[in-house]
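A.B. asks: I'll drop the sequence and a predicted model, then ask my questions.
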Number of protein chains: 4
Amino acid sequence: MCRWLCYTGSPVFADALLFKPVNSLVEQSQHAQRSIYTVNGDGFGLGWYGSRPWPGVYHDTQPAWNDDNFHELAAQIRSHMILAHVRATSGTAIQRTNCHPFRHGRWLFQHNGEIGGFDKLKRDLQMEVAPALFPQIRGSTDSETMFYLAASHDLAADPLHALRRAVGTIERLRRMHKIKDGLYMTVALADGQRLVAVRYASDHRAPSLYHSRNLHALHEVGGKTENLPADGILVLSEPLDGVSEHWEKVPESTALVVERGQVRQIPFEPEE
Amino acid sequence: MCRWLCYTGSPVFADALLFKPVNSLVEQSQHAQRSIYTVNGDGFGLGWYGSRPWPGVYHDTQPAWNDDNFHELAAQIRSHMILAHVRATSGTAIQRTNCHPFRHGRWLFQHNGEIGGFDKLKRDLQMEVAPALFPQIRGSTDSETMFYLAASHDLAADPLHALRRAVGTIERLRRMHKIKDGLYMTVALADGQRLVAVRYASDHRAPSLYHSRNLHALHEVGGKTENLPADGILVLSEPLDGVSEHWEKVPESTALVVERGQVRQIPFEPEE
Amino acid sequence: MCRWLCYTGSPVFADALLFKPVNSLVEQSQHAQRSIYTVNGDGFGLGWYGSRPWPGVYHDTQPAWNDDNFHELAAQIRSHMILAHVRATSGTAIQRTNCHPFRHGRWLFQHNGEIGGFDKLKRDLQMEVAPALFPQIRGSTDSETMFYLAASHDLAADPLHALRRAVGTIERLRRMHKIKDGLYMTVALADGQRLVAVRYASDHRAPSLYHSRNLHALHEVGGKTENLPADGILVLSEPLDGVSEHWEKVPESTALVVERGQVRQIPFEPEE
Amino acid sequence: MCRWLCYTGSPVFADALLFKPVNSLVEQSQHAQRSIYTVNGDGFGLGWYGSRPWPGVYHDTQPAWNDDNFHELAAQIRSHMILAHVRATSGTAIQRTNCHPFRHGRWLFQHNGEIGGFDKLKRDLQMEVAPALFPQIRGSTDSETMFYLAASHDLAADPLHALRRAVGTIERLRRMHKIKDGLYMTVALADGQRLVAVRYASDHRAPSLYHSRNLHALHEVGGKTENLPADGILVLSEPLDGVSEHWEKVPESTALVVERGQVRQIPFEPEE
C-alpha cells in the first residue's frame, strides 16, 4: 500500500503540499494514518507540468523523508498540476522504474493498492497491452501494467473509459484464473488539464480516498498556516491536516473528474 | 535513535540473526519495539570477521528491510563475530560513510543514541581526536567522532578505558559549552576476539540494551525455530524474540565485556 | 557492451581477479582494451558459490571502480566458482535488476553484447519464455530475456542445448521481424559445478572471448604477482594481464565447456 | 579532476548546456577532451537560481550520463544562472555531500583540481574555517573545505578577496607542512547576480578554463543548432562545441568577474 496526492489549481510550490502540512505526504511516508501499513519508505516520485510540452518526473528509491534532493526540488518546483507518491512495495523491486507516477506522453498515472495474484496474471495482462506499447513498460509493477492497459485505449478521447476498460480486463482475467485476492485501487490519471481519480476494489474494501473542499489554508508543522490558492483542489489518499471541513471522503466505486476547478463524482464500474 | 546487535560464538550465518527471528534486526528497522522511534530506515551496516586479517564491512543507505543485497549477503556470510546496525538519523546525512559499524584497523564500533548539542561541540571534539587520525574521519556523525575519540587512546591495550576517556572528553566539553542535551549511548566495540559494550547516558536515561542467556534457539517468523550455537552470545538493543528467559536487561552506566564465552558486567563511569 | 569473467578452480578471494591484476575487471570498467566502448560504468554484479545450496549474488548500480562495498566484498568472498560483470547499458535502465549475473535456482548467467532490435522483438521473445517463468523476469534487459529463454529448456539436463535453443529462437524471430541488427553475444552459464560459455554473433563479429591457460600467477598493479591455484580456469571478455601465454582467444561460433579442470571447445550453432 | 560550467544571462533550459551540445557537460562526463582524466563518473551536481530566495541544488552519485533524473530535471529547469559539475574523485567518498556545487546561503561554489597533500593539511585547514561555519561542512572533500575557507571571509562584500584569502591560507599551510604536491584549481563562486571564477595552480599548471564569446548558438549532437540568448555567458572547463570563435582560453593565475553581461579578467594572486 502507498500514499499519493494530486493538486490542480493556481501554481503552488510543491513543498506546500509535500513537506509543510502537519500530515504532509512526506510525513505519511513515515507515519501514515489511514492505512494499516504505516511506513511508505520504498521509494517515491513526483510529476509536474511545467513549461515544456511534457511533464517532468522525478523518482528515487530512498524513503521520501530522508532524501535531500526531494526536499530541494519540492522547494523550487512550482506548478499548476502536481502528482506525488510514496511507495510501500507489495513485493516488486525497489527501483526508480517501479516508482510512481508513471508517464506516457503527456499522461501521468499513480496507484495505491494492488492487483491480487499479479504473478499469476502478469503474462496474460501484459499480452492485453497494445503490442506497440509493450516494450515501453520499464518496470515490473502491477501498477505500471494497469497504466499501460489503460493507455492501450484512447486516453485523450476518454480517460475514464480507458480506466473502466483496464479494470474490466483485470477483473475478467482474475475470474478466468480463479484469483481469490481482489483488485484494490485508488488511481490518478492526469494530462496537465484533466485529472481523473478512481476508488475501486473487487470486494468494495478499497483504500481510502479524499478530495479537498474550501481549501484556503492547511495546518502546518509548528502551528503555522500557509494560504493556498482558493481555486486549488487536492485529491489524495489521506487528509493533510486534521480540519475535518477541509476534506471529503470519496465513496467506493466512484470516479472523480476534476476540470476547470470543479470536482464531479461519477459511479465507477469496470467495463469488459 | 538506531538499533544494533553483536554476536560472538561459534560461526553462524548472519541471516539467523538479521532476518529470521520474529523481532529480527531487519524487523526492528521497520517496527522497533523498545524505542519511541519505531522506524530505522536511514541506512544500515554489517561488519564481520572472516578469513582476512581485517573485518569486512558493508554499508548502504537504503532501508534494511528493502535491500536485496543485504538479504543476499546475510544468507552467505558466516562468522564467529558479527555486528549489525540499522540507522535512524538524528539529522546528519544519509550516506554510507555515516553508516555503522565504523572500522579502524581490526576494530569495529557502533552506536545508538546521540551526543546532544553535537553541532556546537563538533569542532572541539574533533580537535581532541589524535591529529594522525583526524583525516581518517570519513563521515559526519557524532558516532564516528566518538569512535575516533576512543581510538585516540590505546584500543588494543584497554578498549574499555578508551571508551571511558572518550565519554569523559565528551562530558567535559558538554559542561564547558553548557550543553543541556545529554549524551545518550549504547555502543559496541570489537576486534574479532573481544567485545565491549556500554550503556550510558548523562541523565541516566540511556537507550535499552540487552544480552542473551541460554540462547539455544530463537523464535522465528512463521513459527519455526532454528538452533543457535550453545556458546553464542548476543548483545543488542532489543530482544529478537518474545521469550523472556532468553534476554537480560543491562543496567544504566554499565559495561559488558564478552570474552571466551563469558559476559562480565562492570560499572561504567566517564574518565576525564 | 560489457565486460565479464568467470573463475572455476580451487577457492580464491574474488579481489585476486576483480581488483588486483593490471587489467582487472574493475580496471576494465573504466578502461576496457578490447572494445570500442571503453567505459563500463552502468552497474556491476558478482555471483559466487559458497556454503549455501544457492549461489550468492550482489548487484549495484554504481560504477564498479568507485563502489566501496564491492571492494570490501571482493576482499572477503572466497569461492571455487565466481562470476562477475561490469555493465555498459545499450539503453535499458540502470537498476540492480538489470545487473548481471542473473540467477535462476542454482544457475547464474551473464552476457556481453545485445539482441539487435530488442524493442521490436521483446514481446514475441518473452512470449516464448515458459509461462511459469515469465513472472520471474525481474528487469528489462535483453540479456535476462535470453537467460529465461534458455531456462525454458532443461538447463540441468543440457545447458549447452538450452543455449542453442535460446539463440535459435532469437534468430528465428529476428528473421520473422526482418531485424537487420544482429544478435551479439558472449555468455556464461554456470551451476556451481559446470561452466558453459558461448561466443556467437549473427554476422560473425562477436565480442571478444578468452580463456586462461597455464594460469599460475597474474601480473598485478604495482608490479607484484600473486599465485593463483594451478587448477584455476578463467573464461573472460579480455585478458587480465599482458602476458600472451596466459590467454587463448576463443574463435567465433564456439562453446566452451569447463568441467573438472578441463576446457573443451565445441562448435556452436543455433538450434531452432 | 572534474569538469564544470556556469551560465549567466537570459533564462535557458539547463539541457541546452548539459545534454544537447556536441561536447555537452554530460558528454564530458564520459569523454572529457581537455584532461588526461577522461571519465568523470563519480557523481554530479546542479545548482540554479529560481524564484526562491535561495538557489536550488541537486546532487547524485550516479554518473551524469546514466542518471534519468538529471536528464528530466535539466529539461524542466530554466534559470538565468546555472552551475553544473561532473566529478572524478581524487579519493574521497562518492556521496551526495561530496558533490559540487556546494551551497552556503545564496552562494554556490564548485571546483576542479585538488589540494595536494590534503590529508596532511586537512586538520589545519579546517581549523582556519570560522568556528561557526565548521559544523556546516557536510562532506569530506578538499573542495568544500576551500569553500568554507573563503566563506570565513565576507563573501558578500568581496567574493574575489575571499578566494584570494582562502588560497593564501592553503599556500601558507602547504609551505608550513612542506607539501610538494601543488594546489590546482579552477573554481566558480556565484550568488545569483555575480559570478567569479579563478584559474590558479601553485606551479602554474592549472586545469583548463574557458569563457564564451559571441555565443549565439552551439553545435549540437545530430548536427542541429539551438539559439542561445545573445547576452548569455558561459565559463567552463572546456568548450561545448568545436567552433573556435565561440571560446576564449583563460590564462593562468587569472580571475574572471562576470557581471551585467560583461566578463572582466583580473590577475589572481593568493593573499596571506
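C.D. replies: Nice, thanks for sending it over. Numbers count the residues shown, from 1 in each chain, chains lettered A, B, ... in the order given.

A.B. asks: How many residues are close by residue A:264?
C.D. replies: 9 (other CB atoms under 10 Å in any protein chain shown). Backbone N, C-alpha and C define where each C-beta goes, glycine included.

A.B. asks: contacting residues for it?
C.D. replies: For residue A:264, the contact set (CB atoms under 8 Å, 6 or more residues apart in numbering or on different chains) comprises A:256, A:257, A:258.

A.B. asks: My understanding was that the last one contacts residue A:233; is that so?
C.D. replies: Yes - the criterion here is CB atoms under 8 Å, and residue A:258 meets it with residue A:233 at 5.5 Å.

A.B. asks: shared neighbours, the two?
C.D. replies: A:8, A:195, A:211.

A.B. asks: how deep is the last one tucked in, by neighbour count?
C.D. replies: For residue A:211, the number of neighbouring residues by other CB under 10 Å comes to 19.

A.B. asks: Would you double-check that it falls in a strand?
C.D. replies: Yes - counting by DSSP: H, G, I helix; E, B strand; the rest coil, residue A:211 falls inside a strand.

A.B. asks: Give the closest residue to it in space, chain neighbours not counted.
C.D. replies: residue A:235 (4.8 Å; CB to CB, 6 or more residues apart in numbering or on different chains).

A.B. asks: what's across from that neighbour in the sheet?
C.D. replies: Listed beta-bridge partners, residue A:235: residue A:6, residue A:211 (assigned using DSSP bridges).

A.B. asks: wait, isn't residue A:116 in contact with residue A:174?
C.D. replies: Yes - using CB under 8 Å as the test, residue A:116 is close enough to residue A:174 to be in contact (7.2 Å).

A.B. asks: Overlap of the contact sets of those two?
C.D. replies: A:182, A:183, A:202.

A.B. asks: What count of nearby residues applies to the last one?
C.D. replies: Taking other CB under 10 Å as the criterion, the count of residues near residue A:202 is 21.

A.B. asks: what's the answer for the second one, then?
C.D. replies: For residue A:183, the neighbour count with other CB under 10 Å is 25.

A.B. asks: now for stretch A:203-216, what's the gap between its first and last residues?
C.D. replies: 36 Å (CA to CA, to the nearest Å).

A.B. asks: that older thread, the contacts of residue A:264 in helices, which ones?
C.D. replies: Judged by DSSP state H, the contacts of residue A:264 include no members of helices.

A.B. asks: Write out the residues of chain A neighbouring chain D.
C.D. replies: Within chain A, the positions adjacent to chain D are A:13, A:48, A:50-52, A:56-60, A:68-69, A:72-73, A:75-78, A:96 by CB under 8 Å from any CB of the partner chain.

A.B. asks: Give me the buried entries from those residues.
C.D. replies: A:13, A:48, A:50, A:56-60, A:68-69, A:72-73, A:75-78, A:96 (16 or more other CB atoms under 10 Å in any protein chain shown).

A.B. asks: Near chain B, list only the ones from these.
C.D. replies: Within these, those near chain B by CB under 8 Å from any CB are residue A:68.

A.B. asks: circling back to that earlier point, looking at the contacts of residue A:264, which are in strands?
C.D. replies: Of the positions in these, A:256, A:257, A:258 sit in strands, assigned by DSSP state E.

A.B. asks: and which of these is nearest residue A:19?
C.D. replies: residue A:258 (23.1 Å; CB to CB).

A.B. asks: ok, of the shared contacts of residue A:258 and residue A:233, which one's closest to chain C?
C.D. replies: residue A:195 (27.7 Å; CB to the nearest CB).

A.B. asks: Could you check how many residues crowd around residue A:33?
C.D. replies: 14.

A.B. asks: Quick check: it touching residue A:240?
C.D. replies: No - look at residue A:33 against residue A:240 with CB under 8 Å: they stay out of range, at 10.8 Å.
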